[in-house]
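Asks: here is my input; please provide its structure:
(chains A and B)
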Amino acid sequence: MAAPSIWRSKRFRGAAIQAGFVAVLVALIIGATLTARANLSAQGLTSGFGFLWKSTGWEINFTLMETTTTDPYWWYLLMGLLNTLFMGVIGLAGASILGLIVGLMRSGRNPAARLLGTIYIELFRNLPLILQLFFWYALANALPNPRNSLAFAGALLNARGIYLPGLVIGRGTVALAVLAILVSAALAVWILASRRFRQIEPTRQRRLALCSTAAGLALAALAVVLGHDPSQPWITMPKLAGLKIDGGFRIQPEFYALAIAIMTYGAAYVGEIVRGGFKAVGRGQMEAANALGLSPWQVFSRVRFPLAFRAMLPILINQYVWLIKATTLGIAVGFSDFFMVIASSITHSGQTLEFIAILMGGFLLINFSLAAVLNRLNRAIALKGHQTTGAT
Amino acid sequence: MTAPAGSARLRRLRKAYFGSPLSALMTLLSAAILGFILWKLLDWGLIHATFDASGTQETCAAKGGACWSVIATRWRVILFGIYPYEEQWRPALACLVVAGVIVLSCLPRMWSFGKLALTWTIGTIVFYTLMRGGILGLASVNEQQWGGLPLTLFVFVATGIIGMPLAIGLALLRRSDYPVIARVSGWIIDTIRSLPLLSILFTCAIVLPFMLPGFLIGEKLYRVVFGAALFFAAYQAEIIRGGFQGIPKGQEEAAKALGLSYWQRMGRIVLPQAFRLALPATINQFVIAFMETSLIVVVGFMELLAAGNTAFKTGEWKFAYAEVYVFIAAIYFAFVFGLSRYGAYLEARMNVGHRKD
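Replies: Below you'll find the predicted structure:
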C-alpha cells in the first residue's frame, strides 16, 4: 500500500518525472560521447585539448594578423574568430546603413522612391542568401585578368581582387591603433552612460567624452607614425608587374563577395524593420512636433527617428544575431571565418569532438554577448512608462 | 466633366511626385535608376539574347546579350541533377505532387488536423515511391543520385513534417509546470537558435556518424534533414510559444474546470488557438526554411543550386553563370514570393476577423 500512495503524491511524481527527463538527456550525451571516443580511439586519435598547442602545417587564406603554417591551432582559431567578428562588423554596419536608406525610401511620401525600395526589398529578401553569394562570387571571378584591370581613381579592379592605394604600415601597428580607438570609444560611452557620472553636469560630461575620443585618435595617429618604417614610402599604389599586381592594398574576391552579399541581403530585412519602426510612431507625436514649429529636419532627428529607433531595436537585435550567423556561409566561397577554420581543422587533425565543442562555445559566446550588449542598450534608451516592450 | 477631373488627378500626381524640390529630385533619381536597370535587363535578357539551343559562346557574344542556350541545353541537369536520364519523368511527376500538396494545404477548407495529415502522408508516400523506386516495376534509384528541384523540395517537406511535431513538443516542454523540464528545454531551444544552421548541418553530416551506434547512422541525406528539422523546430517552438502567450489564461482554466485531461486541454483548446495566432509567423518560418534548404550544397548535395553550379562549370558554358543563376533565382523567387504573398493575405484576413470581434 505504501508504494502507490507515494506515487500518488504530486510532489514525488513531479520530482521523479523531472529526474527522469534529466537522466535521459544526460544518458544520451554520455552515450554519444563514449561512442565517439571509442570510434575515434579506434582510429588512433587521443582526446583532450593538448593538440591546441601543436602547429597546424596548413594555411588560411585571409587573416588580420601575421600567420604562418608553424602557428599553433589556438592561434588559427583566434584568427578565425577575429575574421568572423570583422566580417560581422562590416556586414552589420553596411546592412544597417543601406537598410536605413531603403526603409526611409519605403516609408517616405514619394511614390517613385517607394516603388524602388519595394522592388529592392522583394528582390533581395526572396532569394536565398547563398544563391546571392554565389552570384557575387562568380561575378568577381569573371572580372578581367590583372593585365586588363579596370582602373578607377588609382584603384584597380580585376579577377584577383580589388587593389586600393594603401598606407605602408605593419599589421601590428594597425592592431594597436584600432585598439586605442576602441578603448577610447568604450570609455566615452561609459562616461556618457554610466550612473557613476550622473552627478557631473552634461556639458562637462560631453567634454570629457570628447577628450577621451580625441586622446584615442591621437594615440592611434602616434602609433601609425611611430610604426612606420622610415626607409619606405608612405603610400603604395597598385601597379601592374608582369602578370600580377604589385603594391597597393588587396581586398580578396572571397571577402568582398561575402561582404556585399551580407550587406545587400541584410539591408532588405533591416529596411522592413526600419519601415515598421516608422509606422509605429504615433501621428499625434508628429503633429505635435509640427505644431511646435520645428523644421522638417528637427522633426525627423529629434522626434521621428528617436521614437522609431526605440520601436525597431528589439527586432533589430534578432536580425543582427541572424546576420552574424550568416557569416558562416564564407565556407561556400572559401573565406576563412571561424566555421571554416574549424572545418579545416577537423579534416586536418581529426579532433572532431573538441572542435565541435569549441565551435558551439564560440558562437554561443558571440551571440549571447551581442544580444546582452544590445539588450542593455535597449533598456538604457527605453522611455520610462511609454512603451511596454523592452522597458526594464 | 472629364477635363476638370483629369486636371485634378494631374494635380494630385504632380503633388505626389513633384511636391517639393527634394521630392522632385527623388522622383527623377528613382526613375533614372529604375529606367536604367530595366532597360539594361531588357536589352540583355530579351532584345540581344540568344534563345535557341544551338547557340555557342561565339554566336552569343556576337549578338551581345544573354545566352539562354545554356538553359536550353542543360535544363535537365539543373532541374534533376544526376538522376538517371531515362527516369527523369519520375522526379518531374514527384515535384508536381509536392506542389499540389502544398497548394492544397494552403486552402482554408483543408485546415483540420485529419485532412492535413492524410494529404501529407499520401503525398509523401507517392513522392518517395516515385523518387526511390524499387517497387511497382520502377527501377531503384539511390538517394545519392537524387538532385535538383526534387531534392530541394524533399528537404523542405521533410524538414516541415519532422520539424513541426518536434516544435510542438519543444514548445509544450518549455511551458511545462515542472520547472526543471521547462528550464532545460529553454536551454536546448536557445542553444540551437544561437548556432548557425550550417554548423548543425555539418555536424549531422560529418560528425554524427562517430557519435551514433552503427545501426542508427543511416543515409547522410536523412541525417542532414534531421539537423535541418531540429533547427526549424527550435525557431518554430518559439513562434508557437508566442501564440501561447496570446491566449487568455481563462481559456485553460475553464478547460481545467470542465475536467479535461492535459492532452485534451492542449489538443482541443490551447494548441488550435496558439496556431491560429501564430499562423503568419509560421508561414514566414516556412519561407525561411525553403530558402535555407539551399545550404545543403555545403555538405555535398546536388540540390537545385549545386546542380546549377555544375551546369556552367563545364568549359564551354563557363561564361554563362549569370544566365544560370537568373534561371535558378526565378524558380526560388516564384516559390518564396508566392508563399510570402499568401502569408500576407492570411494576415490581412485574420486582422479583418479581429476587427469584427
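Asks: show residues contacting stretch A:345-353.
Replies: With contacts defined as C-beta atoms under 8 Å, 6 or more residues apart in numbering or on different chains, stretch A:345-353 is touched by A:33, A:36-37, A:40, A:43, A:45, A:47, A:51, A:54, A:56-58, A:73, A:76-77, A:355-356, B:206-207, B:210-211. Backbone N, C-alpha and C define where each C-beta goes, glycine included.
Asks: show me those that map onto helices.
Replies: Per DSSP state H, helices hold the following members of the contacts of stretch A:345-353: A:33, A:36, A:37, A:40, A:73, A:76, A:77, A:355, A:356, B:210, B:211.
Asks: and these as CSV, adding neighbour count and distance to residue B:25?
Replies: As requested, the ones in helices among the contacts of stretch A:345-353 are exported to CSV (neighbours: other C-beta atoms under 10 Å in any protein chain shown; distance: C-beta to C-beta, whole Å):
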residue, neighbour count, distance to residue B:25
A:33, 13, 64
A:36, 20, 63
A:37, 16, 68
A:40, 19, 65
A:73, 22, 56
A:76, 25, 51
A:77, 20, 50
A:355, 22, 54
A:356, 21, 54
B:210, 20, 62
B:211, 23, 61
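Asks: how many residues are close by the residue lying closest to residue A:235 once chain neighbours are set aside?
Replies: Leaving aside its sequence neighbours, residue A:235 sits nearest to residue A:165 (C-beta to C-beta, 6 or more residues apart in numbering or on different chains; 5.9 Å). Neighbours of residue A:165 under the rule other C-beta atoms under 10 Å in any protein chain shown: 15.
Asks: does residue A:165 really touch residue A:236, like I thought?
Replies: Yes: the criterion here is C-beta atoms under 8 Å, and residue A:165 meets it with residue A:236 at 6.8 Å.
Asks: who touches both of these two?
Replies: A:248, A:249.
Asks: got the residue ranges for the helices in the stretch 251-392 of chain A?
Replies: Here the stretch 251-392 of chain A has its helices, by DSSP state H, counting those that start in this stretch, at A:253-280, A:283-291, A:296-298, A:305-326, A:330-333, A:338-349, A:352-381.
Asks: can you add mean pLDDT and give those helices back as JSON lines?
Replies: Shown next, in JSON lines, are those (pLDDT from 0 to 100):
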{"stretch": "helix A:253-280", "mean pLDDT": "91"}
{"stretch": "helix A:283-291", "mean pLDDT": "87"}
{"stretch": "helix A:296-298", "mean pLDDT": "86"}
{"stretch": "helix A:305-326", "mean pLDDT": "86"}
{"stretch": "helix A:330-333", "mean pLDDT": "88"}
{"stretch": "helix A:338-349", "mean pLDDT": "86"}
{"stretch": "helix A:352-381", "mean pLDDT": "84"}
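Asks: reformat those helices as TSV; add distance to residue A:110.
Replies: As requested, the helices of the stretch 251-392 of chain A are exported to TSV (distance: least, C-beta to C-beta, whole Å):
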stretch	distance to residue A:110
helix A:253-280	14
helix A:283-291	17
helix A:296-298	14
helix A:305-326	18
helix A:330-333	37
helix A:338-349	42
helix A:352-381	30
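Asks: looking at those helices, which is nearest to residue B:267?
Replies: helix A:305-326 (30.3 Å; C-beta to C-beta).
Asks: report the angle between that closest one and helix A:352-381.
Replies: Here the directions of helix A:305-326 and helix A:352-381 differ by 180 degrees (axes from the mean of the first three to the mean of the last three C-alpha atoms, to 10 degrees).
Asks: what about helix A:305-326, distance to the chain center?
Replies: 13 Å (C-alpha atoms, centre = their mean, to the nearest Å).
Asks: equivalent analysis for stretch B:228-242, please.
Replies: How far stretch B:228-242 lies from its chain's middle: 15 Å, per C-alpha atoms, centre = their mean.
Asks: using PDB, write out every CA atom in that stretch.
Replies: Extracted as PDB, the C-alpha positions of stretch B:228-242 are listed here (Å, rounded to 0.1, in the frame of the first residue of the first chain):
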ATOM      1  CA  ALA B 228      17.500  21.000 -40.600                       C
ATOM      2  CA  ALA B 229      14.300  19.800 -38.800                       C
ATOM      3  CA  LEU B 230      15.900  20.300 -35.400                       C
ATOM      4  CA  PHE B 231      16.900  23.900 -36.300                       C
ATOM      5  CA  PHE B 232      13.400  24.600 -37.800                       C
ATOM      6  CA  ALA B 233      11.800  23.100 -34.600                       C
ATOM      7  CA  ALA B 234      13.800  25.400 -32.300                       C
ATOM      8  CA  TYR B 235      12.600  28.500 -34.100                       C
ATOM      9  CA  GLN B 236       9.100  27.300 -34.600                       C
ATOM     10  CA  ALA B 237       8.800  26.300 -30.900                       C
ATOM     11  CA  GLU B 238       9.400  30.000 -30.100                       C
ATOM     12  CA  ILE B 239       6.800  31.100 -32.600                       C
ATOM     13  CA  ILE B 240       4.300  28.700 -31.000                       C
ATOM     14  CA  ARG B 241       5.200  30.000 -27.600                       C
ATOM     15  CA  GLY B 242       4.400  33.400 -28.900                       C
END
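Asks: just the buried positions in it, please.
Replies: By 16 or more other C-beta atoms under 10 Å in any protein chain shown, the buried positions in stretch B:228-242 come out as B:228-241.
Asks: can you tell if it touches chain A?
Replies: No: interface with chain A: stretch B:228-242 contributes nothing (C-beta under 8 Å from any C-beta of the partner chain), its closest point being 10.1 Å away.
Asks: can you tell me what sits against that stretch?
Replies: With C-beta under 8 Å, 6+ apart as the test, stretch B:228-242 has contacts from B:155, B:158-160, B:162-164, B:166-171, B:174-175, B:188-189, B:192-193, B:195, B:197, B:200-201, B:274-275, B:277-278, B:281-282, B:285, B:288-289, B:292-293, B:296.
Asks: the residue of the stretch 151-300 of chain A found nearest chain B: neighbouring residues, count only.
Replies: Closest to chain B within the stretch 151-300 of chain A is residue A:296: 9.1 Å, counting by C-beta to the nearest C-beta. Residue A:296 has 12 neighbouring residues, counting by other C-beta under 10 Å.
Asks: what's the first helix or strand after the helix or strand containing residue B:99?
Replies: Element membership of residue B:99, judged by DSSP states H and E, is helix B:89-106. Once helix B:89-106 ends, the next helix or strand along the chain (criterion: DSSP H and E) is helix B:113-132.
Asks: CA atoms only: put that next one into PDB for me.
Replies: What follows is helix B:113-132, C-alpha atoms only, in PDB (Å, rounded to 0.1, in the frame of the first residue of the first chain):
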ATOM      1  CA  PHE B 113      -5.600  18.000 -38.400                       C
ATOM      2  CA  GLY B 114      -7.100  14.900 -40.000                       C
ATOM      3  CA  LYS B 115      -7.300  16.300 -43.500                       C
ATOM      4  CA  LEU B 116      -3.800  17.800 -43.400                       C
ATOM      5  CA  ALA B 117      -2.200  14.700 -42.000                       C
ATOM      6  CA  LEU B 118      -3.900  12.500 -44.600                       C
ATOM      7  CA  THR B 119      -2.900  14.700 -47.600                       C
ATOM      8  CA  TRP B 120       0.700  15.000 -46.400                       C
ATOM      9  CA  THR B 121       1.000  11.200 -45.700                       C
ATOM     10  CA  ILE B 122      -0.300  10.300 -49.100                       C
ATOM     11  CA  GLY B 123       1.800  13.000 -50.800                       C
ATOM     12  CA  THR B 124       4.900  11.900 -49.000                       C
ATOM     13  CA  ILE B 125       4.400   8.200 -49.900                       C
ATOM     14  CA  VAL B 126       3.800   9.000 -53.600                       C
ATOM     15  CA  PHE B 127       6.800  11.300 -53.700                       C
ATOM     16  CA  TYR B 128       9.100   8.700 -52.000                       C
ATOM     17  CA  THR B 129       7.900   5.800 -54.100                       C
ATOM     18  CA  LEU B 130       8.400   7.800 -57.300                       C
ATOM     19  CA  MET B 131      11.800   9.000 -56.300                       C
ATOM     20  CA  ARG B 132      13.300   5.900 -54.700                       C
END
